[in-house]
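> 3D, please:
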Amino acid sequence: MALHDLMMSLGALALVVGLLLLVRPVLHALGARRGAGQDVAMGVEGVLALDRTRRLTLVRCDGRRALVLSGGASDQIVAWPEMEA
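Numbers count the residues shown, from 1 in each chain. The predicted model follows:
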């Protein structure tokens with residue numbers, strides 16, 4: 001009985017993984033088409049780990065950049081560097 005249960009479990013797992021592999025290209029194409037031509041107003045440009053808990057993150061938001069220190073007692077914006085034209 002245990003061998004039968006094991007084979008059924010492996011078969012179900014193989015079926016789920018196979019379905020995911022078949023659906024992945026379709027979802028990727030839909031996602032790429034949906035995002036095409038849209039300007040992203042916000043994004044992360046870089047991350048620097050300072051230690052185990054703290055990191056500096058350079059965030060772009062509406063054409064400006066913010067340097068954010070996170071992971072300590074509180075998160076804070078360190079600077080809004082000027083953008084070059």
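
> give me the neighbour count for Ala41.
9 (other C-beta atoms under 10 Å). Every C-beta, even on glycine, is put in place using the N, C-alpha and C of the backbone.

> what's the closest non-adjacent residue to it?
In space, and not counting its chain neighbours, Ala41 is closest to Asp62: 5.4 Å by C-beta to C-beta, 6 or more residues apart in numbering.

> just the residues contacting stretch 58-77, thanks.
With contact meaning C-beta atoms under 8 Å, 6 or more residues apart in numbering, stretch 58-77 is reached by 41-47, 53-57, 78-81, 83.

> relative to Met42, how far out is the residue nearest to Ala41?
7 Å (C-beta to C-beta, to the nearest Å).

> looking at those two, which one has more neighbours?
Set Asp62 next to Met42 and count neighbours by other C-beta under 10 Å: Met42 wins out with 9 against 6.

> the more buried one: what's it in contact with?
Taking C-beta under 8 Å, 6+ apart as the test, what Met42 contacts is Val59, Arg60, Cys61, Asp62.

> that one bridge partners, please.
In this entry, Met42 is beta-bridged to Cys61, by DSSP bridges.

> so what's the residue nearest to Ala41 scoring on pLDDT?
Reading off the confidence values, Asp62 has pLDDT 79.

> what does Gly35 give?
Model confidence at Gly35 (pLDDT) stands at 54.

> and what of Gly43?
87.

> distance check, it against Leu20.
When Gly43 is compared with Leu20 (using C-beta to C-beta), they lie 28 Å apart.

> ok, back up a step: and the contacts of stretch 58-77, which are buried?
Thr57 (16 or more other C-beta atoms under 10 Å).

> helix, strand, or coil at Leu6?
helix (DSSP: H, G, I helix; E, B strand; the rest coil).

> look up how far Ala14 lies from it.
13 Å.
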